[in-house]
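[1] Have a look; sequence and predicted model below, questions after that.
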Amino acid sequence: MSKKSINPKTEGEKVYELGYHIISTVAEEGIPAEVDKIKAILNKEKAVVISEEAPKLRPLAYKIKKAFGGQYKTFEKAYFGWVKFALNEGADIANVDSALKASDTVLRYILVKTIKENTMYSPKITVFSDKESKIKVLTHKEPKEAKTASIEEIDKSIDDLVLDATEEVKI
Amino acid sequence: MKQCFFSQNNIKQIDYKDVELLKKFLNPHARVQGKKKTYVCAKSQRQLSQAVKRARYMALLPYIAR
């Protein structure tokens, strides 16, 4: 993971996203401090934060174990948050990876390559799936570009249609 | 004929955090449905399965559901 070919389009800049679970034993008030710790890891590599979402307590789909000095603890809930950031040429993502691995409070994390633009289609992560949220997802649509057809254009298109129709009649 | 959901909505990158969206492409056992059922184009189907696998690793989606 050390050396990769540099894409000329992005000028050596690479966009990553870090998703993480913070263990549920941390109190709600302690979460901002945990986020700062993660930010400090990113700042060491001079990462530029593009977007982020603060950790929120949510139930896990399955139980996850984490070792604390030879003893395992099982977690059913965790604070899930994410940060999207860009690394410049020369920065090493492996350093971020190893620092997170050594962290006591990060239960699980994922580092993925992504794009700068927003990738979420659904409005927001819903902690508990209910009927309302499903309806929202189904009815949500990307805003279409506003059509600005002038009156002249409309007239012209109507004229074209009329002409076509008359031609057909002649045939 | 039904067309690819992701191409229609101009989704270039399928996000693993978008659990509500991913759930629509899973069967009751939480397995990813095939292309023939989802009507998703091959390129998006590959991205979809990758996103589901990431979501499973992060415990946002289950590996199995009974």
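    Arrived safely.
[2] ranges for the helices of chain A?
    A:31-44, A:93-101, A:131-139, A:151-170 (DSSP state H).
[3] Could you give the average pLDDT over the longest one?
    What it means is helix A:151-170. Averaging pLDDT along helix A:151-170 yields 75.
[4] CA atoms only for it, dumped as CSV, please.
    Backbone C-alpha positions of helix A:151-170 (Å, rounded to 0.1, in the frame of the first residue of the first chain) are rendered in CSV as follows:
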residue,chain,number,x,y,z
ILE,A,151,-42.5,31.0,-25.3
GLU,A,152,-40.8,31.3,-28.7
GLU,A,153,-39.3,27.8,-28.4
ILE,A,154,-42.6,26.3,-27.4
ASP,A,155,-44.3,28.0,-30.4
LYS,A,156,-41.6,26.7,-32.7
SER,A,157,-42.0,23.1,-31.5
ILE,A,158,-45.7,23.4,-31.9
ASP,A,159,-45.2,24.7,-35.5
ASP,A,160,-42.9,21.8,-36.2
LEU,A,161,-45.5,19.3,-35.0
VAL,A,162,-48.2,20.9,-37.1
LEU,A,163,-45.9,20.7,-40.1
ASP,A,164,-45.1,17.1,-39.5
ALA,A,165,-48.8,16.3,-39.2
THR,A,166,-49.7,18.1,-42.5
GLU,A,167,-46.9,16.3,-44.3
GLU,A,168,-48.2,13.0,-43.1
VAL,A,169,-51.6,13.8,-44.3
LYS,A,170,-50.3,14.6,-47.8
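[5] Check the offset of it from the chain's centre.
    Between the centre of helix A:151-170 and the centre of its chain there are 48 Å (CA atoms, centre = their mean, to the nearest Å).
[6] Same question for the first one.
    When C-alpha coordinates are averaged (CA atoms, centre = their mean), helix A:31-44 and its chain have centres 18 Å apart.
[7] Identify the residues contacting the most centrally placed residue in chain A.
    In chain A, the residue lying closest to the centroid (CA atoms, centre = their mean) is residue A:119, at 5.5 Å. Residue A:119 sits next to B:11, B:12, B:13, B:14, B:15, B:18 when contact means CB atoms under 8 Å, 6 or more residues apart in numbering or on different chains. C-beta: built from backbone N, CA, C; applies to glycine.
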